[in-house]
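**Student:** fold the following for me, if possible:
(3 chains)
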Amino acid sequence: MKYWLMKSEPTVYSITDLQEDGQTIWDGVRNYQARNFLRQMDIGDRVFFYHSNTTPPGIVGLMTIIENQVADPTQFNQDSPYYDPKSTVNSPRWQTVKVEFMEAFPAILTLDTLKKTFNPEDLLVVKRGNRLSIIPVNLTIADQILQLVNYN
DNA sequence: GCCAACGTTGGC
DNA sequence: GCCAACGTTGGC
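**Tutor:** This is a model prediction of the structure:
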């Protein structure tokens, strides 16, 4: 089992939205590096849910992968801002995953705390200028994040 | 609202 | 294939 971190702006889709929906297709990713990480995800992997572009930003919960190699439906939808005319049903360009809600943390684990706890090399999300919306988190760091959640 | 970082586009 | 211009992300 691997750990990941995925960002979402809470005004677009929040941990509360996921809690209500139960599960969702993580659509709209249009960055090749992020997509390549999505392709590496397996069923059962766990994902930290990160709220970006909000005050304060930080990790707010945990979800798990229940389906992988999912063709992002928005790439075929002409009315979607994520429509990709170069993508076809037979050879979709954008794969993603379906995630299921696991838990919302009792309190947000803020970016500020993450910066104080981890080195940028160990946790990419605290690295200045990093804009990747999907990043891998190694097991050691994931354990430490979960411990922080439990102790707070 | 500012702006640094950085990805993408398109002319050449 | 280079790189300037432009667009987007996202913290502050």
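
**Student:** so which bits of the helix or strand of chain A with the lowest mean pLDDT are buried?
**Tutor:** Within chain A, no helix or strand scores below helix A:139-151, which has a mean of 91 by mean pLDDT, DSSP states H and E. Neighbour-count burial for helix A:139-151 flags A:141, A:142, A:145, A:146, A:148, A:149 (criterion: 16 or more other Cβ atoms under 10 Å). The way it works is simple: take the backbone N, C-alpha and C, and place the C-beta from them, glycine included.

**Student:** and stretch A:113-121, by the same measure?
**Tutor:** Buried residues in stretch A:113-121, counted by 16+ other Cβ under 10 Å: A:113, A:114, A:117, A:118.

**Student:** looking at these, which is nearest DNA strand C?
**Tutor:** residue A:114 (9.8 Å; Cβ to the nearest atom of the strand).

**Student:** show me where chain A has its strands.
**Tutor:** Under the criterion DSSP state E, chain A contains strands at A:3-8, A:23-25, A:46-51, A:58-71, A:95-110, A:134-137.

**Student:** closest approach to DNA strand B from chain A, which residue is it?
**Tutor:** For chain A, Cβ to the nearest atom of the strand, closest residue to DNA strand B: residue A:129, 2.5 Å.

**Student:** can you get me a residue count around that residue?
**Tutor:** Applying other Cβ atoms under 10 Å, we find 5 other residues in the vicinity of residue A:129.

**Student:** what's the separation between it and residue A:120?
**Tutor:** 10 Å (Cβ to Cβ, to the nearest Å).

**Student:** for residue A:58, same thing?
**Tutor:** In terms of Cβ to Cβ, residue A:58 sits 16 Å off from residue A:120.

**Student:** and for residue A:64?
**Tutor:** Residue A:64 sits 27 Å away from residue A:120, going by Cβ to Cβ.
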